[in-house]
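In: for reference, the sequence and a predicted model appear below.
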Amino acid sequence: MRKKRRFSKDDSELALLALPTALWFLAFCYIPMFGVIIAFKQYRPMAGHGFIGSLLKSKFVGIDNFKFLFMTPDAWIMFRNTILYNVVFILLGTVITVALAIMMTQLHSKRMRKWSQTAMFLPHFLSFVVVSYFVFAFLSSENGLVSNIMEHYGKEEIQWYMEPKYWPYFLVFVYLWKSIGYGMVVYLASISGIDESLYEAAIIDGASKRQQVRFITLPMLQPIIIILFILAIGRIFSSDFGLFYQVPRNSGPLVDVTQTIDVYVYKALTGLNNIGFASAAGVLQSVCGLIVILAANWVVKKINAENSLF
Amino acid sequence: MERFNRVSIPTNIIFTLVFIVLALMCVIPLLFVAIISLSSSESIQKIGYSFFPKQWSFDSYTYLWHERRSIGSAIFVSIFVTVAGTIIGLFLNAAMGYVLSRPTFKLKKFFTIYIFIPMLFGGGLVPSYLVNTQMLHLTNTYWALILPLAVSSFYIIIIRTFFQTTVPDSVIESAKIDGASQLRIFFNIVLPISLPVLATIGLFLSFGYWNDWFTALLYIQSSHQDLYPLQYVLISIEKNMEFLSRSAQYLSAGSSTAELPTESMRMAIVMLVVVPIALSYPFFQRYFISGLTIGAVKG
């Protein structure tokens, strides 16, 4: 039997180099994973005990937190909102970014391509706090530009931050506004990687520009479109807290259309101080997210093993 | 060749118009907020927010200058957290990325799985919040603003891929033969060679820190306003006028909160946050794009 390889000096030094980062993962990722037990406990902090001690000593309540959570109307609302918004974001986002990427590569002017890409990239770098002020500048019922224009034309005033029916459109619009420039980048890179000789051969055969897009560009983009689409599905239980909490300014009347799992967890944790419900919702989000991303990866592996996550 | 295969002129005009409209849609809100921040209070009271204020005014910026000790502390917090966080983050991400890029490292498989699992499953906000407050006691400290955002499996994978594909093994092997330790190899040879990927990840980190408000929302209490970063000041003045009222004591006698240029001043603070971004990102756009392209597929 071959002797087990000895841990070398190199290995010791590399392990030492990795140690600070490994400790970070332990503190900020792995210990919180252990904390999912909170969802099955009636957790309360106990004087003299740390987090772990309080957690272990709190009363075990099985799935009571989950049962009570699903007795509230909140559960249905937050899961519906999270999933439906993500479906719209993924479908619209994919179609629009692919279309725009193809259109951008057709522009005659290189300067126009450069300038418009730079401008469209700006929103990606802004926080949703800043974006919420941009939205407020237009929608404020007191001073907003939209309100002023409506008043000028004698239209009835709308309290935008109190009217739920408009906000699905606003949120989808803001999401696309912020993410399209970023989303185009990958597709632009993929298009620029397509072999030019394919187009040359097509031109010789008399293919029109539209036919080139349909039979060369789109088929060549298909793998990356599918992969990014499926990976996005893997995140369908997540939502951007800033978009759903900050952009609507946490307005109470809008809660039916703005409350997602992430918003609910935050409010339950810090506002209602309901750690059990917050933790139950968070655990469901994590577990559902894990299942979906594993399924998505399995599908990607069937399509193109090289691009699967693992 | 490119000229020969162009779309027709009418199509090009339509496409160009589409992109002009989209580009303006991305830029105009910023311009609008800038104009509001330069509108006088009287103009806003009379005609609301407008691209054409009745009266221009620097009152909001004058006021911020007068209050530079309080708004300045927020600027300092944001700059300090961004710089310190980016440096700490670059070290932590690059160190693990380098370790994972060494083919002979005995614990490579373990650490690869170790950083990968958090990409699939997390404890969620509640356990993280409780760990950070009751176990690590980060509340009301700079560490609360720095540590949670410092590391990302995504960044580690990008850096590892860069090290594997760009840093020649022969360079590392020859240094090892010369008796250099792995620490020396990492700091003196690998890092200097890797400026492109460090610049890319450094930009991701710095924008992440500059734009962060969520960690302040969770971990900085209103009793510690000296730890508010700029982004959280914007949330604070939205929730209440406390931040402003506290600052108002610096005003000369006879002034009151009602006389503060509150509308334009909020937008002036937005500009304080946005202008550094708007001025710097075009220069670094190339790094962002290369980072996104590498990470998007392999991430």
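Out: Right, received. Where do you want to start? Residues are numbered from 1 along each chain as shown, chains lettered A, B, ... in the order given.
In: distance check, A:D74 against A:Q117.
Out: A:D74 sits 41 Å away from A:Q117, going by CB to CB, to the nearest Å. For every residue, glycine as well, the C-beta is placed using N, CA and C.
In: low pLDDT regions in the chain?
Out: No chain in the question, so chain A it is. Within chain A, the ranges that satisfy pLDDT under 70 run A:1-6, A:307-310.
In: nope, chain B please
Out: B:1-4, B:239-260, B:292-299.
In: is it true that B:F80 touches B:Y142?
Out: Yes. Using CB atoms under 8 Å, B:F80 is in contact with B:Y142, at 7.3 Å.
In: around chain B, which positions in the stretch 201-310 of chain A sit nearby?
Out: With CB under 8 Å from any CB of the partner chain as the criterion, the stretch 201-310 of chain A meets chain B at residues A:203, A:209, A:212, A:224, A:227-228, A:241-242, A:246, A:249, A:262, A:265-266, A:269-270, A:275, A:278-279, A:282-283, A:285-287, A:289-290, A:293-294, A:307, A:309-310.
In: just the buried residues from those, in ChimeraX please.
Out: What follows is the ChimeraX syntax for the buried subset of these, where burial is set by 16 or more other CB atoms under 10 Å in any protein chain shown:
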select /A:209,212,224,227,228,241,242,246,249,262,265,266,269,275,278,279,282,283,285,286,289,290,293,307,309
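In: take the residues of the stretch 201-310 of chain A next to chain B and keep only those in helices.
Out: Per DSSP state H, helices hold the following members of those: A:203, A:209, A:212, A:224, A:227-228, A:241, A:262, A:265-266, A:269-270, A:275, A:278-279, A:282-283, A:285-287, A:289-290, A:293-294.
In: okay, now residue 215: neighbour count?
Out: Let's take chain A. 13 (other CB atoms under 10 Å in any protein chain shown).
In: can you look at chain B instead?
Out: Neighbours of B:T215 (other CB under 10 Å): 21.
In: phi first, then psi, for A:K41.
Out: When quoted as degrees, to the nearest 10, the phi and psi of A:K41 stand at phi -120, psi 160.
In: that one bridge partners, please.
Out: Residues in a beta bridge with A:K41, per DSSP bridges, are A:F60.
In: run a quick neighbour tally on it.
Out: Residues contacting A:K41 under the criterion other CB under 10 Å number 21.
In: that one reaches A:F60, doesn't it?
Out: Yes. In this structure, A:K41 is within contact of A:F60 by CB under 8 Å, at 5.8 Å.
In: the residue nearest to B:L227 when sequence neighbours are not counted: how many residues sit nearby?
Out: Once flanking residues are discounted, B:L227 sits nearest to B:I220: 4.9 Å by CB to CB, 6 or more residues apart in numbering or on different chains. When neighbours are counted by other CB under 10 Å, B:I220 registers 24.
In: which helix is the longest one in the chain?
Out: By default, I'm working from chain A. helix A:73-106.
In: you answered for a different chain; I wanted chain B.
Out: helix B:262-298.
In: what sits up against stretch A:65-81?
Out: Here stretch A:65-81 makes contact (CB atoms under 8 Å, 6 or more residues apart in numbering or on different chains) with A:39-40, A:239, A:244, A:255-261, A:263-264, A:276-277, A:279-281, A:284.
In: which of those residues count as buried?
Out: A:39-40, A:239, A:244, A:255, A:257-261, A:263-264, A:276-277, A:279-281, A:284.
In: show me what the helix or strand hosting B:R184 is packed up against.
Out: Using DSSP states H and E, B:R184 sits in helix B:182-184. In this structure, helix B:182-184 makes packing contacts with helix A:9-25, judged by 3 or more CB pairs under 8 Å, 6 or more residues apart in numbering or on different chains; DSSP states H and E.
In: the stretch 101-250 of chain B: helices as residue ranges?
Out: Counting by DSSP state H, counting those that start in this stretch, the stretch 101-250 of chain B has helices at residues B:108-120, B:125-130, B:142-146, B:153-166, B:169-177, B:182-184, B:191-193, B:195-210, B:214-219, B:230-239, B:242-248.
In: got a list of contacts for the third one?
Out: Read that as helix B:142-146. By CB under 8 Å, 6+ apart, helix B:142-146 touches B:77, B:80-81, B:84-85, B:88, B:132, B:136, B:138, B:209, B:212, B:215-216, B:218-220, B:227, B:229.
In: what comes up buried for that helix?
Out: For helix B:142-146, by 16+ other CB under 10 Å, it's B:143-146.
In: of the contacts of helix B:142-146, buried ones?
Out: B:77, B:81, B:84-85, B:88, B:132, B:136, B:138, B:209, B:212, B:215-216, B:218-220, B:227, B:229.
In: closest to the centroid, which residue in chain B?
Out: B:F207 (2.0 Å; CA atoms, centre = their mean).
In: now that one: closest residue in space that isn't a chain neighbour?
Out: In space, B:F207 is closest to A:F125, 5.8 Å off (CB to CB, 6+ apart).
In: B:I277 is in contact with that neighbour, correct?
Out: Yes. Between A:F125 and B:I277 there is a contact under CB under 8 Å: 5.0 Å.
In: more crowded one of these two?
Out: Remark: of A:F125 and B:I277, A:F125 carries more neighbours, 22 against 18, as counted by other CB under 10 Å.
In: on that earlier part again, which ones are touching the residue nearest to B:L227?
Out: B:139-140, B:144-145, B:227-228, B:232.
In: in CSV, list those residues along with distance to A:F68.
Out: Below are the contacts of B:I220 laid out as CSV (distance: CB to CB, whole Å):
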residue, distance to A:F68
B:T139, 29
B:N140, 33
B:A144, 31
B:L145, 34
B:L227, 36
B:Y228, 36
B:Y232, 33
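In: among the residues you listed, which one lies nearest to chain A?
Out: The closest of these to chain A turns out to be B:Y232 (CB to the nearest CB; 8.0 Å).
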